[in-house]
Structure formats: structure tokens, C-alpha cells
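A.B. asks: Sequence and predicted model, in that order:
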Amino acid sequence: MAETAAIVLAAGVSKRMNTQLAKVLHEVCGRPMLAYVLDACREVGIKEIYVVVGFSAEQVKEQFGGADDIVWVEQTEQLGTGHAVLCCKEHLRDFNGQTLILCGDGPMIRAQTLNVLIDKHESAQSAATLATAVLDDPSGYGRIIRDSYGNMQGIVEDSDCTPAQLAIKEINPSNYLFNNKILFEALENVKPDNVKKEYYLTDAVSGIIATGHRVVAITAVSPDEAVGINSRAQLSAASKIMQQRIQRRLMENGVTIVDPDTTWIDARAQIGQDTVIEPFTYIHGQVKIGQGCRVGPFAHLRHGTVLKNDVVLGVYTEVKNSLLGDGVRARHHSYIGDALIGRNVNIGAGSITANFDGENVNRTTVGDNCYIGSGAVLIAPLELKDGSNISAGTVVSQQSVNELGGKAKTDVSE
Ligand code: UD1
Ligand code: CA
């Protein structure tokens, strides 16, 4: 690949989302939508990403602050996508390579599609190449205008289309690759002559064609990838598609998902081979599940959960920020929060960790081979030694354990 920089547009106000939060921070399967766009750039090997921010810029920078391949560019007034790109001029005016432009509100684009775009751009030696999509319902998107030979003539925004143009099904998903020098020259000539009175990046494409340069449009983007998120309805539609991708990847890796439609798994979750996820299971946040586990139905796993191998979690079991060792069983109605649970521990129906004392969240440590009877309340901070045996219905505090010589034996079985 020739030297390539990327610009990601993420400054827009997003009236249609009706939100106080920057649009690109809204989550798709647990990750802000901008994260997916940045990943796609990285996956195709781009080392320098200019992210244009404006509305709620500080929030966005804070979330992605640690990344050293990002250069933040401020667009103080949101005057349109063309203006947003022009804000990168001070960084890119002398750059002789090619520039990929993506939108922060288009998180569905995949690296493999960007590679098709890059290959086409380089083989056609064009000044600009667009990856387009053909949609049954193209409404809302810019339409691709071609002449009778199929040559690209320009892009017309939905709000500026004639009735005939509205019927065009080929749309612009905003995945472009430009010769950088030609792009910035063309942007200088863009005028806000449109319904919205904005400086459109799409007009730069028409400008490049008008000056006689070659512009190519390749229909490489699937309808799934073309979804741009302008509204809450599109946010949930995109999340649904992303969820299918996540589940498909997990199934290919050897995970059984009994009922994909009633299961929700965070993009950050890792799940090992031969684990079975039963229906109505909700996994949110960074969660790591080992091999041969059985999770659900109706299980809720939250951020920071680690299940080692052969763990069984049943109905209405919630786990948060806890590590459960090999072979732990918590089959019914448990809450395990901020706990370290050893190997082969049985947690009876309805047993919980009382991890919050009203002020602080406290940890519970349970050794290997412990038996926790039904309905036990483990009051944190608490440490139970290996082999502890807690009888059903017991309320266990550290003090009560200490009085028993450190090893909890509230049951008489020994
Ligand atoms: C844009 C395209 C349209 C395309 C669609 C694909 C233009 C003029 N139109 O329309 O052809 O079909 O995307 O989803 O480019 N932004 C800024 N600064 C601004 C304005 C926008 O950074 O001043 C950012 C937004 O945050 C957003 C992206 O640019 O991430 C696209 O802007 P948006 O207003 O959503 O454009 P669309 O109307 O969706
Ligand atoms: Ca958009």
C-alpha cells in the first residue's frame, strides 16, 4: 500500500439522535461506534489517523486519549463534511500520499472492504475512489450519479435530489480514498450551494471529476456495512447487525449459542471452545469465559468477569468483576460481585455476596473446594479458606469466621 493517512469525521452535532453525548460515543454492542472505525483503519495498516472532533470534543478525546496513532483536529463550527476535512489542512497540506476518509458514524465498515477500495484505487490510478453500496431503500443517503457508460459523475445529497435522482439505489456510504494533494485543492473550491448551506465533501468529488481527473466508484460495500447512524433507530439496527457478526465469529471459534436471537454478547467478550451459551443470556463489558462452560439461561455477566474452564452458571445468576475458578457451579439465582472464587466451589441457590456496605465495594475471597449452601449471604470483606463449608441460610461475616478459627464450619458435617 502506498503511504496512506486516514481522516475520520466525528465533529457533527447530531440533531437527529437527540442527545447530549457526542454521537460517536454512543455504543454499538458495548463499544463506542468510533472505536470500530479506528480499528478498521488500523487493520488495513494505517498508522496515522486524523480524527476531526467538535461537538463534545473533550468527551471523545478522553475516551480515546491513550491512542498514539490519533491526531485530534478541532472543527469549532460544524459547517459540513468538506469543511471538516479542510480542518486537517495544516497537518496534511504537504503530504504526498493518499488519504482515506471515513465517517465516525459508520461503524459497520470492515477492513476487508477497505482493502478492496485501496486495491482498486491503486490499480486504477485514480484521483479519488469511492466504495459504494446498492440499497433497496436508499433514502437519506447521497446518491451516486453515473453517465450512460457507468462513469461516475458526482454525488447528490438526498435533500438536493430531483425525483428521478431519488430513485437511484446506489449510495455513498462515505468510504473514500483520495490522492491527498488533489483532495485539498478541490476542497478549496467547494461552495455551500445546497439546501443545508454546508460545505460538502461530496462536492469535492464532483469538483475533481470536473477538472478532468479520474474518479472511480466501486460497489464494494454490502448493505450491512453501509448503515450510517443518524438516529436511535439506526443505532439499534446497526447494533443488531454487529451482534450477528460477533456471534458468528464466536460460533466459528467453537462456541455454541443455542438461541442467537435472545442472546446478547458484548464485542469485547472472549469465549472459549465448547462453551454453551443458553438463551436469554446477557454479557456486557470485558468478560472472559474459558472452555467447556455452560452459561444461562437468563445469566447476566458484567464487566470484569472471568470464568475459568468448566464453570456452570444457571438461571438468574449475575456475576460482576469476579474470577471463578475451574468447575465452579452457581446454578440458580446467585449474585457474585467483586469476588475471587477458587476451584470446584459449589454456590447454592440464592446465595450472594453482599459486596456493598453503603459506602464501599468490598471483596470476597473463597478458597478451593468450598461448599456454600443455599441462601447464604457472604458479607464482604470476607475470606473463606479452602474447603470451607457454609450451611444453607447462613449469614457469614469475617468476624463469625474468625471466631471459628479462620475456617468457616458453620455446618456440622466434619
Ligand atoms: C453523509 C454524506 C452522504 C452519505 C452519508 C453516509 C456528505 C455531504 N454527505 O451524509 O453522501 O450518504 O454521509 O452515511 O458528506 N461531520 C463533521 N463536521 C461537520 C459535519 C459532519 O465532522 O461539519 C461528521 C459527522 O459527525 C458524521 C459525518 O461527518 O460522522 C457525516 O456527517 P452527517 O451529517 O452524518 O452526514 P450525512 O447526512 O449522513
Ligand atoms: Ca451520517
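C.D. replies: The structure has been received and is ready for your questions. Ligands and ions are numbered 1, 2, ... in the order given.
A.B. asks: neighbours around the nearest residue to P260 once chain neighbours are set aside, how many?
C.D. replies: Using C-beta to C-beta, 6 or more residues apart in numbering and skipping the chain neighbours, the partner closest in space to P260 is Q247 (5.1 Å). Using the backbone N, CA and C atoms, a C-beta is placed for each residue, glycine as well. Neighbourhood size, Q247 [other C-beta atoms under 10 Å]: 18.
A.B. asks: D69 too?
C.D. replies: Number of residues near D69 (other C-beta under 10 Å) recorded here: 12.
A.B. asks: V51 is in contact with that one, correct?
C.D. replies: No. Look at D69 against V51 with C-beta atoms under 8 Å: they stay out of range, at 10.1 Å.
A.B. asks: picking up where we left off before, name the helix or strand for the residue nearest to P260, please.
C.D. replies: Applying DSSP states H and E as the criterion places Q247 in helix 232-252.
A.B. asks: swap in E62?
C.D. replies: Per DSSP H and E, E62 falls inside helix 57-64.
A.B. asks: Quickly check: that helix near ligand 1 or not.
C.D. replies: No. Helix 57-64 lies out of reach of ligand 1 by C-beta under 6 Å from any ligand atom, never closer than 10.2 Å.
A.B. asks: What helices and strands are in contact with that helix?
C.D. replies: Helix 57-64 sits against helix 33-43, strand 49-53, strand 70-74, with contacts defined as 3 or more C-beta pairs under 8 Å, 6 or more residues apart in numbering; DSSP states H and E.
A.B. asks: for the residue of the stretch 151-300 of the chain at minimum distance from ligand 1, what are its contacts?
C.D. replies: As assessed by C-beta to the nearest ligand atom, ligand 1 sits closest to G228 within the stretch 151-300 of the chain, at 2.6 Å. Counting by C-beta atoms under 8 Å, 6 or more residues apart in numbering, G228 touches 103, 105-106, 140-141, 173-174, 234.
A.B. asks: if you set the cut-off to 6 Å instead, what comes out?
C.D. replies: Contact analysis of G228 by C-beta atoms under 6 Å, 6 or more residues apart in numbering lists 105-106.
A.B. asks: pretty sure it is in a strand, no?
C.D. replies: No. Counting by DSSP: H, G, I helix; E, B strand; the rest coil, G228 falls outside a strand, being coil.
A.B. asks: pLDDT value on it, please?
C.D. replies: Looking at G228, its pLDDT is 96.
A.B. asks: again, but for S413
C.D. replies: In this model, S413 carries a pLDDT of 40.
A.B. asks: and if you look at K407?
C.D. replies: Confidence score, pLDDT, at K407: 60.
A.B. asks: picking that back up, so which of the helices and strands packed on helix 57-64 gets nearest ligand 2?
C.D. replies: helix 33-43 (10.8 Å; C-beta to the ion).
A.B. asks: So which elements touch the closest one?
C.D. replies: Other helices and strands packing on helix 33-43, by 3 or more C-beta pairs under 6 Å, 6 or more residues apart in numbering; DSSP states H and E, are strand 4-10, helix 111-124.
A.B. asks: quick one, what contacts L235?
C.D. replies: By C-beta under 6 Å, 6+ apart, the contact list for L235 reads 26, 229.
A.B. asks: again, but for A349
C.D. replies: Counted by C-beta under 6 Å, 6+ apart, A349 has contacts 332-333, 374.
A.B. asks: Which of the three states applies to it?
C.D. replies: Secondary structure, three-state DSSP: A349 is coil.
A.B. asks: Could you measure from the nearest residue to it once chain neighbours are set aside over to ligand 1?
C.D. replies: Among residues not flanking A349 along the chain, H332 sits closest, at 4.0 Å (C-beta to C-beta, 6+ apart). Distance of H332 to ligand 1, computed by C-beta to the nearest ligand atom, to the nearest Å: 46 Å.
A.B. asks: what about H332, neighbour count?
C.D. replies: Around H332 sit 17 other residues, with neighbours defined as other C-beta under 10 Å.
A.B. asks: Ok, P138 next?
C.D. replies: As a burial measure, P138 scores 21 neighbours (other C-beta under 10 Å).
A.B. asks: for it, what are its contacts?
C.D. replies: Counting by C-beta under 6 Å, 6+ apart, P138 touches 169, 171.
A.B. asks: Which residues of the stretch 151-300 of the chain lie near ligand 2?
C.D. replies: Contact residues (C-beta under 5 Å from the ion) of the stretch 151-300 of the chain with ligand 2: 228, 230.
A.B. asks: Where do the helices of the stretch 151-300 of the chain begin and end?
C.D. replies: 163-166, 180-188, 201-210, 232-252 (DSSP state H, counting those that start in this stretch).
A.B. asks: circling back: would you mind putting the contacts of A349 into TSV with secondary structure alongside?
C.D. replies: Below are the contacts of A349 laid out as TSV (three-state DSSP):
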residue	secondary structure
H332	strand
H333	coil
S374	coil
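A.B. asks: Of those, which is the nearest to P32?
C.D. replies: Among the contacts of A349, H333 lies closest to P32 (C-beta to C-beta), at 33.4 Å.
A.B. asks: How about the contacts made by that closest one?
C.D. replies: Going by C-beta under 6 Å, 6+ apart, H333 touches 316, 349-350.
A.B. asks: Could you count how many residues lie near E77?
C.D. replies: The local packing of E77 (other C-beta under 10 Å) involves 9 other residues.
A.B. asks: Repeat that for the one 4 residues further on.
C.D. replies: When counting by other C-beta under 10 Å, one arrives at 25 neighbours for T81.
A.B. asks: Pick the most buried one from the helices of the stretch 151-300 of the chain.
C.D. replies: Mean neighbour count (mean count of other C-beta atoms under 10 Å) peaks for helix 201-210 among those, with a mean of 23.
A.B. asks: is that one anywhere near ligand 1?
C.D. replies: Yes. Using C-beta under 6 Å from any ligand atom, helix 201-210 comes into contact with ligand 1 via 201-202.
A.B. asks: who's in contact with that helix?
C.D. replies: Under C-beta under 6 Å, 6+ apart, the answer for helix 201-210 is 81-82, 85, 127-128, 142, 154-155, 182, 186-187, 189-190, 215.
A.B. asks: Among those residues, which pair sits farthest apart?
C.D. replies: Checked with C-beta to C-beta, the contacts of helix 201-210 reach their widest spread between G142 and I182, with 19.8 Å between them.
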